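Student: here is my input; please provide its structure:
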Amino acid sequence: MLVGASSSRGFKGLRVAFLPLTKALAFIISHPYTYKLLMTSNHYDSASGEVIPGLWVGNLMSVSKMLQLQENSNKETHLTIISVLSNPNLIRLVSDILEQNRLKLLATRNDANSHTIRIRHEIIELKDLAETDLLPVLPHVLMLIDDALGCHTTSSSGNDGISNDVNQQIICLVHCARGASRSVSIVIAYLLSRHESRFKSFEDALQQVRRVRSVAQPNIGFSLALQRFEKTLREERREQDKNCSSS
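Tutor: Next comes the predicted model:
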């Protein structure tokens, strides 16, 4: 039977229902590696981690996990999900998950115990290849994270942009398929760019991510690009300091 077909068949007196699946989910199940990634429990348990307050990094499974966490919370939630993917079927899968969640929220919005969850979904199309140029996507995606966290200044201002309202939480999840290279690279760039007083080098930022995501390892091309990014930031700040001291 084709994956996604709807029927039932007898088995020793029992009837087992085969529910219809979305095309995206059918794709996942028909690709052994991706299916194993999603269904292996240790991947689920370590699907995501909070790198700094409000900023999370994770794999494909982390989208569902994050939604479940917010459903069990009693706080008003502003959740931004940044999907760093290239496979259209995986992009469709995430979109399907979010759409199903939206419909579920609509169905329960009048419940006495319901709370507001605002979800924003952004897609960054990026291949996890050594020859992929990471740097051109950084300005846009870093601004998306700024917007998600409500933070438009660097850490030197002393303001991390996170709401002080105890009844509200602001979360930005950056994820890719495995949560090892693309999403990690984006988060490292954010730490270097926006929190330079804490993370002065690529290695500093990478170690911070590994504290919550042990499999974090940008591919060689992304690693070299991030080291160039670090050097460019350092030169820009040195030039700014020089201009300030001379004025």
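
Student: from now on I want contacts and neighbour counts done on CA atoms only, so please keep to that.
Tutor: Will do.

Student: can you give me the strands in this protein?
Tutor: Here the chain has its strands, by DSSP state E, at 7-11, 14-18, 48-52, 55-58, 76-85, 117-125, 168-175.

Student: and the closest residue to N167 other than its chain neighbours, how far from H195?
Tutor: Excluding the flanking residues, the one nearest N167 by Cα to Cα, 6 or more residues apart in numbering is K75, at 4.9 Å. Computed as Cα to Cα, to the nearest Å, the K75 to H195 distance reads 27 Å.

Student: quick check: bridge partners of the most centrally placed residue in the chain?
Tutor: By Cα atoms, centre = their mean, the chain has its centre lying nearest to V174, at 1.9 Å. Taking DSSP bridges, one obtains V57, I82 as the residues bridged to V174.

Student: which ones are touching it?
Tutor: Listed by Cα atoms under 8 Å, 6 or more residues apart in numbering, the contact partners of V174 are 55-58, 81-84, 183, 186-187.

Student: mind running it again at 10 Å?
Tutor: 48, 55-60, 62-63, 80-84, 122-124, 141, 145, 182-187 (Cα atoms under 10 Å, 6 or more residues apart in numbering).

Student: kindly report the same for Q217.
Tutor: Going by Cα under 10 Å, 6+ apart, Q217 touches 179-185, 206, 209-210, 223.

Student: and F199, what pLDDT?
Tutor: Per-residue confidence (pLDDT) for F199: 97.

Student: kindly report the same for the one 10 residues further on.
Tutor: With respect to pLDDT, V209 has a value of 98.

Student: kindly provide the distance from it to S246.
Tutor: Distance of V209 to S246, computed by Cα to Cα: 37 Å.

Student: which strand residues bridge G49?
Tutor: V57.

Student: A205 and E131, how far apart?
Tutor: 22 Å.

Student: which of these two has more residues huddled nearby?
Tutor: More crowded of A205 and E131, by other Cα atoms under 10 Å: A205, with 23 against 11.
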